[in-house]
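Trainee: using only what follows, build the 3D model:
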Amino acid sequence: MLDHVFPVPVIDEDADVGYWRARTGRAEARVADLEAAAAALRADNAGLTARVAELAGQVARLRESVTTLSGLLFGSSSEKGGSPSRRNGQAGAGRPGGTGKRGQRPGRPGHGRRDQAHLETEERVIDVEAAQRCCAECGEPFEFLGTEDSEQVDWRVKIIRIVWRRRRYRRRCSHPGPVTVCAPAAPRPVPKGLFTAGFLARLAYEKHVLGRPVHRIVQALAADGFDVASGTLVGALKQIAPLLAPWAAAIAAHGRQAGHVHADETSWQVFEDVDGKDGHRWWLWAFVTDQATVFVVDTSRSAEVAASQLGIDREQAALEAGRRLVISSDFHKAYQSLARIDGVDPLWCFAHMRRYFLRAGAAHPEALGDWCDAWTERIAVLYRAHHALAATAPGTDARQRAQGRWQRAFADIDAHRILQASDAAKGLLHPAAAKVIATLTSEWDGLARHQELPQLPLDNNPAERALRTPVIGRKNFYGSGAEWAAHLAADVWTVTATAAQHGIEPLSLLTGYLQECARNGGTAPAGADLNPFLPWTPQGRARRRPGPGP
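Mentor: Numbering: from 1, shown residues only. Model (predicted):
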């Protein structure tokens, strides 16, 4: 039997190699496509991650802004409450932020009832009924022993209409001379004006010092029987504006001579269209020295306004020879600009710096609560050291110890500032905290200058307190309806705040000044005639109330 022979297949090696090489190429191309797609996905993911991080940062910043603005709008206006964690209950009664009751503390000596003997007194007698002043059995009258006295204070508002009747006389002889003579006209601060000096002074006092809108003053006058239009009172205020301007200018000129000034500013609305000014937002500046408090209203918040009041020529690189000026203020750019002038020393406000820590702690209580507490305590230690230093006499051992305590408080703040600035540079500090530390570092020179001037306050509270009265007015009547009214408001605040600074009753001083204007025929006193109304002159000091003065 014959075996079958099968043909042996012939293999084309070149074709086989080409086939697998082609498949390998397609696979490699597929891998490259997949790698490119993966790289694109990774890039997209990185971009999305970065975008998410950016949006998260924006959310955090917006949340911080909302917390800060809500605190400014709805929070307590006092900063005595300490840090947020202490306000949330960690502080007890009697400590900052505690829940102790306000008012007189139990066991503390009281000041007693004040003596009102200077008031106009009206005596009224209450007698026992006649039937009770004798014996019911025999009718013998009782002997008078005296009185049991007590006091009440009544509040009466009396509006008086004064009718001036000037007597006239006619000559009855034939001699030469005037046929008739008439008594001189009554002195008026405003010629032919309706109101007396006392009325105009009280009107300005009610409007600008007490912050009562004109329409409320009209209501108060109507309740006391005087019906007057708002426009009449506004016109009266406009008439006294040129009388008060020279007085305020003299106070401002005296304030320029001071070597230390507290400065601050706030917005003020002026509802009059002014050429070159867009909108109605103006600025009210306050400059407080040891003898004068000056207010300036201006369209600008620039350094030029402060330079003008402080007598600084910004075109010069330095103050005039022999003059140095210390400016206590916040970190506003206007004051930083003036600080570049040789001879001007900025003294930044520690209370303002403290607010940065408090706001960061309030915006991120969980992350920065303890950090905020630590920083506010360091600043509190500095304040306590400052008070202790002021309470000691120069040249004593107590003074030396207080001086060491003062230096250590600064050294502690500076050491933690440097340490946390280093942590912030390494990314080890919360972004909000790093921002506050950056501000502390950039402004440290002006803050550390307090170390050389312990006799001056650590904060700018005098200027901020001076602005309280205008701020109350802004809340009550929003601002000024005209430019003249804004300048009048600044002038009234200047003279009344300066008077109060020296222990002089502002209303009586205003009244006396307008009475002097009336005696001058409706013109403002000048030269030596103005001295009785400047509290630093001998005549002005005589007006002070008893008690400590500047």
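
Trainee: going by C-alpha atoms from here, please, whenever you check contacts or count neighbours.
Mentor: Fine.

Trainee: around Tyr356, how many other residues sit close by?
Mentor: 20 (other Cα atoms under 10 Å).

Trainee: from what I can see it touches Val436, true?
Mentor: Yes. Counting by Cα atoms under 8 Å, Val436 is a contact partner of Tyr356 at 6.2 Å.

Trainee: quick check: which element contains the nearest residue to Arg449 once chain neighbours are set aside?
Mentor: Once flanking residues are discounted, Arg449 sits nearest to Leu347: 6.4 Å by Cα to Cα, 6 or more residues apart in numbering. Using DSSP states H and E, the element containing Leu347 is strand 344-348.

Trainee: give me the helices and strands touching that strand, please.
Mentor: If contacts are counted by 3 or more Cα pairs under 8 Å, 6 or more residues apart in numbering; DSSP states H and E, strand 344-348 sits against strand 325-329, helix 333-339, helix 444-448.

Trainee: any chance of a markdown table for these, columns mean neighbour count and distance to Trp493?
Mentor: Output for the helices and strands packed on strand 344-348, formatted as a markdown table (neighbours: other Cα atoms under 10 Å; distance: least, Cα to Cα, whole Å):
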| stretch | mean neighbour count | distance to Trp493 |
| --- | --- | --- |
| strand 325-329 | 24 | 20 |
| helix 333-339 | 18 | 23 |
| helix 444-448 | 18 | 29 |
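
Trainee: quick one: which of those is nearest Leu467?
Mentor: Taking Cα to Cα, strand 325-329 is the member of these nearest to Leu467, at 13.4 Å.

Trainee: chain center to the closest one, what's the gap?
Mentor: In terms of Cα atoms, centre = their mean, to the nearest Å, the centre of strand 325-329 is found 16 Å from the chain centre.

Trainee: for that strand, which strands pair with it and how are they oriented?
Mentor: With DSSP bridges as the test, strand 325-329 is paired with strand 260-270 (parallel), strand 344-348 (parallel).

Trainee: pick the most buried one from the ones you listed.
Mentor: Highest mean neighbour count among these (mean count of other Cα atoms under 10 Å): strand 344-348, with a mean of 24.

Trainee: how far off centre is that strand?
Mentor: The chain centroid and the centroid of strand 344-348 are separated by 19 Å under Cα atoms, centre = their mean.

Trainee: and the following helix or strand past that strand, what other elements does it pack with?
Mentor: Beyond strand 344-348 on the C-terminal side, the first helix or strand identified by DSSP H and E is helix 350-363. Helices and strands touching helix 350-363, as assessed by 3+ Cα pairs under 8 Å, 6+ apart, comprise helix 13-74, helix 84-85, helix 365-390, helix 431-442.

Trainee: regarding Val297, what is its secondary structure?
Mentor: strand (DSSP: H, G, I helix; E, B strand; the rest coil).

Trainee: what's the span of stretch 424-435 from first residue to last?
Mentor: Chord length of stretch 424-435, first to last residue, is 9 Å (Cα to Cα, to the nearest Å).

Trainee: for stretch 222-233, buried residues please.
Mentor: By neighbour count with 16 or more other Cα atoms under 10 Å, stretch 222-233 contains the buried residues 230, 233.

Trainee: ok, back up a step: what residues does the strand holding Leu347 touch?
Mentor: Strand 344-348 has contacts (Cα atoms under 8 Å, 6 or more residues apart in numbering) with 319, 324-331, 335-336, 338-339, 443, 446-447, 449-450, 459-460.

Trainee: local confidence estimate at the residue minimising distance to the centre of the chain?
Mentor: The chain has Glu464 as the residue nearest its centroid, 2.8 Å off, counting by Cα atoms, centre = their mean. pLDDT, Glu464: 96.

Trainee: quick check: which element contains it?
Mentor: helix 461-466.

Trainee: please pull up the helix or strand immediately following that helix.
Mentor: From helix 461-466 onward toward the C-terminus, using DSSP H and E, the following helix or strand is helix 468-477.

Trainee: helices or strands up against that next one?
Mentor: Secondary elements touching helix 468-477 (3+ Cα pairs under 8 Å, 6+ apart): none.

Trainee: export that helix as CSV, just CAs?
Mentor: Listed in CSV are the C-alpha atoms of helix 468-477, where the atom choice follows Å, rounded to 0.1, in the frame of the first residue of the first chain:
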residue,chain,number,x,y,z
ARG,A,468,-18.7,110.2,67.1
THR,A,469,-20.8,113.3,67.2
PRO,A,470,-20.7,113.8,63.4
VAL,A,471,-21.4,110.1,62.9
ILE,A,472,-24.5,110.4,65.0
GLY,A,473,-25.6,113.3,62.9
ARG,A,474,-24.9,111.3,59.7
LYS,A,475,-27.2,108.5,61.0
ASN,A,476,-29.9,111.0,61.9
PHE,A,477,-30.0,113.3,58.9
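
Trainee: next, the angle from it to strand 260-270.
Mentor: 10 degrees (axes from the mean of the first three to the mean of the last three Cα atoms, to 10 degrees).

Trainee: averaged pLDDT, the helix or strand following helix 468-477. What do you get?
Mentor: Helices and strands here follow DSSP H and E; after helix 468-477, the next one along the chain is strand 479-480. The average pLDDT within strand 479-480 is 94.

Trainee: stretch 297-314 too?
Mentor: 94.

Trainee: just how off-centre is that stretch within its chain?
Mentor: 18 Å.

Trainee: buried stuff in it?
Mentor: So, applying 16+ other Cα under 10 Å, buried residues of stretch 297-314: 297-299, 301, 303-307, 309-310, 312, 314.

Trainee: among the residues you listed, which lie within strands?
Mentor: Counted as lying in strands by DSSP state E, out of those, are 297-298.

Trainee: so what's Phe477 closest to, chain neighbours aside?
Mentor: Leaving out its chain neighbours, the residue that sits closest to Phe477 by Cα to Cα, 6+ apart is Pro213, at 5.5 Å.

Trainee: need the pLDDT of the one you found.
Mentor: pLDDT at Pro213 comes out at 96.

Trainee: what of Trp20?
Mentor: So, for Trp20, pLDDT stands at 74.

Trainee: neighbours of it, how many?
Mentor: 11.

Trainee: and the strands in the stretch 151-300 of the chain?
Mentor: Remark: strands assigned in the stretch 151-300 of the chain by DSSP state E, counting those that start in this stretch are 168-170, 180-182, 260-270, 281-288, 293-298.

Trainee: now for the residue nearest to Phe477, how many residues are close by?
Mentor: Pro213: 18 neighbours (other Cα under 10 Å).

Trainee: so what does it have for phi and psi?
Mentor: Per-residue torsions, Pro213: phi -60, psi 160 (degrees, to the nearest 10).

Trainee: which ones are touching Ala241?
Mentor: Here Ala241 is in contact with 484-485, 488 (Cα under 8 Å, 6+ apart).

Trainee: what do you get for Cys372?
Mentor: Taking Cα under 8 Å, 6+ apart, one finds 83, 357-358, 360-361 in contact with Cys372.

Trainee: mind picking out the helix or strand in the chain with the poorest mean pLDDT?
Mentor: Least confident helix or strand, the chain: helix 84-85 with a mean of 57, by mean pLDDT, DSSP states H and E.
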